[in-house]
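[1] sequence below, structure please.
(chains A and B)
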Amino acid sequence: MKHRTFFWFFLPTGFAMFLFIALPIVSVVTQSLFAPHEAVFVEVENCGPFGCTTETTIDQDATRAVRDANPIGRFVGLDIYLDRGHLAINEVREAWATSENWGQFRNALGNLPFYRAMAFTLTYTFFVTPALILLGLLIALAVNAVTQRLKGLVIFFSLLPFTVTPLIGSLVLFWMIDSRGILGNVVSYLAGDPDLSIKASTPLMWAAIIIWGIWHSAPFAFVVFYAGLQTLPKDQLEAAQIDGASRFQQVRFVIIPHLMPLVTFVALIMLMDNFRVFEPIVGFSASAHATSLSWIIFNDMGGETRQLSAAAATSVLTIIGVAFLLSPVLVRTWRDFKVKS
Amino acid sequence: MFLRSLATASALAMISSAAFADGHGCAIDARVSIVGNEFPAIQTVGAGAQSCAGGDVSTNLTADHQEINLAGMQGNPAEYTSAIIANSSIVALMNEDVIRPLDDLVAKHGQDFKKNQLITINGKVMAVAFMANAQHLVYRSDVLAEIGVEPPTTYEDMLTYAQVIRDKGIMEHPVGGAYASGWNLAQEFNNMFLGYGGAFFEAGSANPTVNSEAGIKTLEMMKALSEYMNPDFLTHDSNATNAEFRAGNVALMNMWGSRAATMTDADGVPQEVIDGFAIAGPMTVGGGTTPASTLWWDGWTVAKNVSDAEAEATFLALAHAIRPAILEDDEVAKQAVWLIDGYQPTDAAKGVFAAAQSNTIPYPMLPYMGLMHTALGNELSDFMQGKETAEQALKDVEAAYIAAAKEKGFL
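    Numbering: from 1, shown residues only, chains lettered A, B, ... in the order given. Okay, the predicted model is just below:
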């Protein structure tokens, strides 16, 4: 393609990307570097239904002058990134100095919101992504083998988890694993411990969320792989059959290599999605056991006093995290691209 | 058949809204837009404002009101001309300076208000309160009669009775508590902490003082109570504890006054729960005299960034919505502990009244209290699960709060 043609062809996309991707990122980075001005307090008398009290409030007139002079706020540089709510540099340094062994250091890290969230987010991402790819592939192979008449019905049911709104799906499971719910009772019966509660145990709660993640996203992998299977060259498969390849060998040496680009694609999308895990934590009311970066952003914005700068800093850290996770896959795509061209 | 009833219903609706529209002497001439929380008493207020004729009155009543009211009032002109708030949430609006003083409007149109309905801050009326709320004891009188005791007045009694109820095999988890990690858990801490005489901050400053003896005692009491709760307590908000009570699994719990009246109204509540349901005032703790609870009011504000005409229309519509005459409807009268002139307490209101009479401390209206509440909600769950000591948990709370308060320019 000529450069000129490419330029005009790409212009609308480029403009949209600038508007919807570049600008918001610039905005969020800016917000994370600035914080609200120091508040000027005054002691005032407040009266209401329960009598009068002397309380502290913000002196709006004094604060307004500072605000108007510099509406963007005060520049704090990387302070917010380094504070306890984010990378917690001082706390980590202190923990490193005072911990006698790895276990203590790990516990101290687990007490800091960012590292606690990362521990769950990464565990979730690296359990769910491979599992859903494998499960999606198995479903696709199974559905492909079903007789033509039943296919539509089977595809419909296999897709259901993906069409259920994530929050609703997690609420359904949340009620089932309640200590009075059906799954909660089955688990406590199997463990022989009537007091066992999934919702009160961190490992079981992690497991429940991971299972939810696989259940919810496997249909996405299934649909992509199923579409890929329709393009499978019949002659190659027949050749393999004539050579005496078993069903497993056909899958291993013909089908999977054919689907490999799609596996990369699904891995890319799902790594990105799973890293931003959010709905199940809210749906399962699991914040006592598991948090994620997205949940921290939600929590910063959802309190009575909103912490915009803190939320912005966590957003930037999320973007960096996603870029880091995707780098191996992106490098691989780039290499393939170079080999081809 | 269905179509006909639909037509009849809509015809009736039109007649009744027309009847409302001409009515009750509420005429406005500008836009009114209200955002607020969603529970029966607030819905009554919203509907009352909508009965005004002459201007467009819209309401957006949702449990997520706190996430939209500030953003919806920061623009100029503001989307919402009024936010219905409580003593905790007015602070966020005051911090950002988005609500206007109401002194002139009160002087002009506020004859029906009682003096104590006016929320004055630094001498200026910033909100008009219409109802009071507090958490207090609700219990099963039949269960307490079975073990032969009066309703507990202290948390120590509550623990003793819970043990008796469990020992007698009446209930396995007799205590209910909205201990869901986050806002609810922090609120239960606040109640107990004030009951032990704790102070959240150094006087006149934003420096935290929760890591104190009162804080440690508070956490130990909460932990002791949680031993008698459903093991899922860290996921139980007040909806879930209500459900536990309705199902007959709980005999003693601390519950919001605004929910007490409708506590046993749901379908399928067993008869013994309906008959045994009873209300008492908030309990004290640790030999103190201040109840381990907080007092709340709900009221409405008027946005700063709207025209004077819209502000006046908003004031008129909302003043109309909380006029004394609304109490003539018995259903409305029992929806809340109204602060409106002429209100006669119903039986369901006695818990909140007891709270107000026994000098319960109002929830603090401090600019930085919201950050403290968030920090408590996030950092206490490790202690409740037995993963760390009370000292460590309170140290974490203070550290989390300090980081947030530094960001917001409070420290």
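[2] for chain A, what is the nearest residue in the stretch 1-150 of chain B?
    B:N122 (3.7 Å; CB to the nearest CB). Any C-beta I mention is one placed from the backbone N, CA and C, and that applies to glycine too.
[3] which residues touch that residue?
    Applying CB atoms under 8 Å, 6 or more residues apart in numbering or on different chains, we find B:N122 in contact with A:V42, A:V44, A:E45, A:N46, A:T57.
[4] what subset of the residues you listed is buried?
    A:V44, A:N46, A:T57 (16 or more other CB atoms under 10 Å in any protein chain shown).
[5] mind putting those into CSV with distance to B:H65, pLDDT and secondary structure?
    Converted to CSV, the buried ones among the contacts of B:N122 look like this (distance: CB to CB, whole Å; pLDDT from 0 to 100; DSSP: H, G, I helix; E, B strand; the rest coil):
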residue, distance to B:H65, pLDDT, secondary structure
A:V44, 26, 90, strand
A:N46, 22, 89, strand
A:T57, 22, 88, strand
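[6] the strands in chain B, which residues?
    B:32-36, B:57-61, B:82-86, B:118-121, B:124-140, B:175-176, B:252-256, B:277-279, B:294-300, B:337-338, B:361-362 (DSSP state E).
[7] same thing with the stretch 201-341 of chain A?
    Applying DSSP state E, counting those that start in this stretch to the stretch 201-341 of chain A gives no strands.
[8] name the residues of it found near chain B, please.
    A:202, A:284-288, A:299, A:301-307, A:309-310 (CB under 8 Å from any CB of the partner chain).
[9] of those, closest to B:L93?
    A:E304 (10.0 Å; CB to CB).
[10] quick check, pLDDT for that closest one.
    Per-residue pLDDT puts A:E304 at 80.
[11] same question for A:V329.
    77.
[12] in contact with it, which residues?
    A:V329 touches A:T264, A:A267, A:L268, A:L271, counting by CB under 8 Å, 6+ apart.
[13] how near is the second one to A:T163?
    Here the criterion is CB to CB, to the nearest Å. By it, A:A267 lies 22 Å from A:T163.
[14] re the thing from before, which one of the contacts of B:N122 is nearest chain B?
    Distances from chain B to these, taken by CB to the nearest CB, are shortest for A:V44, at 3.7 Å.
[15] so what's that closest one closest to, chain neighbours aside?
    Distances taken as CB to CB, 6 or more residues apart in numbering or on different chains place B:N122 nearest to A:V44, at 3.7 Å, with adjacent residues excluded.
[16] how near is that neighbour to A:T57?
    Taken as CB to CB, the span from B:N122 to A:T57 is 7 Å.
[17] one more: B:C52?
    Taking CB to CB, one finds B:C52 at 32 Å from A:T57.
[18] which phi and psi does A:D243 have?
    Here is the backbone geometry of A:D243 (degrees, to the nearest 10): phi -70, psi 0.
[19] could you confirm whether the strand or helix carrying A:Q31 reaches chain B?
    Assigned by DSSP states H and E, A:Q31 belongs to helix A:23-33. No. Helix A:23-33 is not in contact with chain B by CB under 8 Å from any CB; minimum separation 10.4 Å.
[20] all helices of the stretch 201-341 of chain A, in order?
    Secondary structure of the stretch 201-341 of chain A (DSSP state H, counting those that start in this stretch): helices at A:202-230, A:234-242, A:247-250, A:256-275, A:279-283, A:293-302, A:308-340.
[21] helices or strands up against the first one?
    This means helix A:202-230. Under the contact criterion of 3 or more CB pairs under 8 Å, 6 or more residues apart in numbering or on different chains; DSSP states H and E, helix A:202-230 touches helix A:113-145, helix A:148-163, helix A:166-176, helix A:256-275, helix A:279-283.
[22] between that helix and helix A:166-176, how many degrees?
    130 degrees (axes from the mean of the first three to the mean of the last three CA atoms, to 10 degrees).
[23] chain A contacts on the stretch 51-200 of chain B?
    B:66-67, B:70, B:87-89, B:91-92, B:94-95, B:97, B:116-123, B:129, B:132, B:180-182.
[24] can you flag which of those belong to helices?
    Among these, DSSP state H puts B:Q66, B:E67, B:L70, B:V91, B:A92, B:M94, B:N95 in helices.
[25] put the alpha carbons of stretch A:107-122 into PDB.
    In PDB, the C-alpha atoms belonging to stretch A:107-122 read as follows (Å, rounded to 0.1, in the frame of the first residue of the first chain):
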ATOM      1  CA  ASN A 107       3.000 -11.400  55.200                       C
ATOM      2  CA  ALA A 108       4.000  -7.700  55.500                       C
ATOM      3  CA  LEU A 109       3.500  -7.300  51.800                       C
ATOM      4  CA  GLY A 110       0.200  -9.000  52.000                       C
ATOM      5  CA  ASN A 111      -0.900  -6.300  54.400                       C
ATOM      6  CA  LEU A 112      -0.400  -3.600  51.800                       C
ATOM      7  CA  PRO A 113      -3.400  -3.000  49.500                       C
ATOM      8  CA  PHE A 114      -1.500  -2.900  46.200                       C
ATOM      9  CA  TYR A 115       0.500  -6.100  46.800                       C
ATOM     10  CA  ARG A 116      -2.500  -7.900  48.200                       C
ATOM     11  CA  ALA A 117      -4.500  -7.000  45.100                       C
ATOM     12  CA  MET A 118      -1.600  -8.100  42.800                       C
ATOM     13  CA  ALA A 119      -1.300 -11.400  44.600                       C
ATOM     14  CA  PHE A 120      -4.900 -12.300  43.800                       C
ATOM     15  CA  THR A 121      -5.000 -10.600  40.400                       C
ATOM     16  CA  LEU A 122      -2.000 -12.600  39.100                       C
END
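[26] can you give me how far it is from the chain middle?
    15 Å (CA atoms, centre = their mean, to the nearest Å).
[27] check whether that stretch contacts chain B.
    Yes. Using CB under 8 Å from any CB, stretch A:107-122 comes into contact with chain B via A:N111, A:P113.
[28] just name the most buried of the helices and strands packed on helix A:202-230.
    helix A:279-283 (a mean of 22; mean count of other CB atoms under 10 Å in any protein chain shown).
[29] of the contacts of A:V329, closest to B:Q344?
    Using CB to CB, those come closest to B:Q344 at A:L271, 62.7 Å.
[30] could you check the pLDDT of that closest one?
    A:L271 is given a pLDDT of 92.
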